[in-house]
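Colleague: test case, fold it:
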Amino acid sequence: QVQLVESGGGLVQAGGSLRLSCAASGRTFSSYAMGWFRQAPGKEREFVAVITWSEGSTYYADSVKGRFTISRDNAKNTVYLQMRSLKLEDTAVYYCAAGQNYGLRLGEYEYWGQGTPVTVSS
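Modeller: Next up, the predicted model:
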């Protein structure tokens with residue numbers, strides 16, 4: 001059974017940092033891409049960042065480029081999202097996802113975690 005379990009969310013002041021983790025289990029993800037998405041209250045879920053397990057290639061949404069860093073630890077089967085210089089508009093539930101395409105769209109991802117909430121306060 002495939003499981004993606006996010007952790008690391010919480011309350012942080014604007015300008016602060018958080019690191020989210022996504023622990024993957026239940027299958028081999030070496031040929032997969034791992035993405036982070038987020039959904040703010042009243043808004044649609046949106047792409048944040050993606051990384052490939054094999055090459056470590058990355059891509060970011062413009063809104064987080066230069067502030068967020070996605071990385072992976074193959075030995076731990078874990079993907080991270082380091083978030084810095086957080087803004088009020090980064091408040092959302094953050095989801096980890098796994099898919100066979102290096103994509104930006106929700107439909108390209110087969111497996112999803114349950115989400116971890118991030119709240120940025122002023």
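
Colleague: gap between stretch 11-22 and the chain center?
Modeller: 12 Å (C-alpha atoms, centre = their mean, to the nearest Å).

Colleague: what is the end-to-end distance of it?
Modeller: In stretch 11-22, first residue to last residue: 18 Å (C-alpha to C-alpha, to the nearest Å).

Colleague: what pairs with the most centrally placed residue in the chain across the strands?
Modeller: Centroid-nearest residue in the chain: W36, 2.4 Å away (criterion: C-alpha atoms, centre = their mean). When assigned by DSSP bridges, W36 has beta-bridge partners A49, C96.

Colleague: report pLDDT for it.
Modeller: Here, the pLDDT recorded for W36 equals 98.

Colleague: you'd agree it is up against V48?
Modeller: Yes - between W36 and V48 a contact is recorded at 4.3 Å, counting by C-beta atoms under 8 Å. (Glycine included, C-beta is placed from N, CA and C.)

Colleague: quickly list what's touching both of these two.
Modeller: L81, Y94 (C-beta atoms under 8 Å, 6 or more residues apart in numbering).

Colleague: so who does L106 touch?
Modeller: With C-beta under 8 Å, 6+ apart, L106 has these contacts: F37, R45, F47, A97.

Colleague: again, 10 Å this time
Modeller: L106 sits next to G35, F37, E44, R45, E46, F47, Y95, A97, G99, W112 when contact means C-beta atoms under 10 Å, 6 or more residues apart in numbering.
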